[in-house]
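Enquirer: sequence and computational prediction follow.
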Amino acid sequence: MPTSRIAVAIALVVLALVVQVSLLTRLALPGATPDLLLLVVVALALAHGPGFGLVTGFAAGLASDLAPPADHTIGRWAFVLTLIGYGAGLAKGETRRSAFVPLLVVAVAAAASVLLYAGLGALISDPHVSWPRVYQLLPTAVIYDVVLGPFVVSAVLLLVRRFEPDPAYRR
C-alpha cells in the first residue's frame, strides 16, 4: 500500500474530525448535524475499496470516540464507521459508471449510521437513546449529508487521484 494513500487518509480524517468537533457541532441547525467524518470515510472507501474503508472507518470512529467532548461509550462510532466504510467500499466499482451512485451511498450511509449508533446505544441501555427522537433526527441527518456529500466526496476523490493516480481513472 502506498505511503501517500495512508498519509492522505490520515490528513483527511484529522481535518474532518477537527472541523466536525470545532465547527459543525456548534451550528444551530434544526435536527441533526452534518457528519463530515462519515463523508470522508465514505469517500475514501469509494476510492480504495472495502478493506481500506473498513480500516479507515475504524480509525476515524475511534478518533471520534476519543475526541472531546465525547459523551458516549468508547467504540460505538468505531464500530459504526467500520461497517459504513466496508459497505461503502463495496460500491467502489460502481462509482466510475454513475455519478448518482456516490450520492446514493452517502444517503444509505447517513441513515445507517444514525440507526446503527442508536441501535448500539439501545443494546447497552444508553439512557440518551429515544427511538422517537432517532426517527425525528433521521431525515435531517440524511438531508444534510446528501447536500454536503457531493462537495466532500468529489473533493476527496479528486485529492486521492492527484496523490495516487489510478490507471482506471485516466482517459
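Expert: Looks like it arrived, so ask away. Fair warning: this is a prediction, and the values are worked out from it, not measured in the lab.
Enquirer: can you list contacts of the host helix or strand of residue 60?
Expert: Element membership of residue 60 [criterion: DSSP states H and E] is helix 50-66. For helix 50-66, the surrounding residues in contact (C-beta atoms under 8 Å, 6 or more residues apart in numbering) are 1, 5, 9, 13-14, 16-17, 20, 37, 40-42, 44-46, 48, 70, 72-90, 92. C-betas here are computed from N, CA, C, even on glycine.
Enquirer: sort out for me which of the residues you listed are in helices.
Expert: Counting by DSSP state H, the members of the contacts of helix 50-66 that fall within helices are 5, 9, 13-14, 16-17, 20, 37, 40-42, 44-46, 48, 76-89.
Enquirer: give the ChimeraX command for selecting the buried subset of those.
Expert: Filtering the ones in helices among the contacts of helix 50-66 down to the buried ones (16 or more other C-beta atoms under 10 Å) takes a single ChimeraX command:
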select :5,9,13,16,17,20,37,40,41,42,44,45,46,48,76,77,78,79,80,81,82,83,84,85,86,87,88,89
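Enquirer: so where's the longest helix in this protein?
Expert: If you go by DSSP H, the chain has its longest helix at helix 131-163.
Enquirer: gap between the closest residue to residue 137 other than its chain neighbours and residue 82?
Expert: Nearest residue to residue 137, sequence neighbours excluded (C-beta to C-beta, 6 or more residues apart in numbering): residue 32, at 4.5 Å. According to C-beta to C-beta, to the nearest Å, residue 32 and residue 82 sit 21 Å apart.
Enquirer: check residue 112 too.
Expert: Counting by C-beta to C-beta - residue 112 and residue 82 are separated by 12 Å.
Enquirer: same question for residue 21.
Expert: To residue 82, residue 21 is 20 Å away according to C-beta to C-beta.
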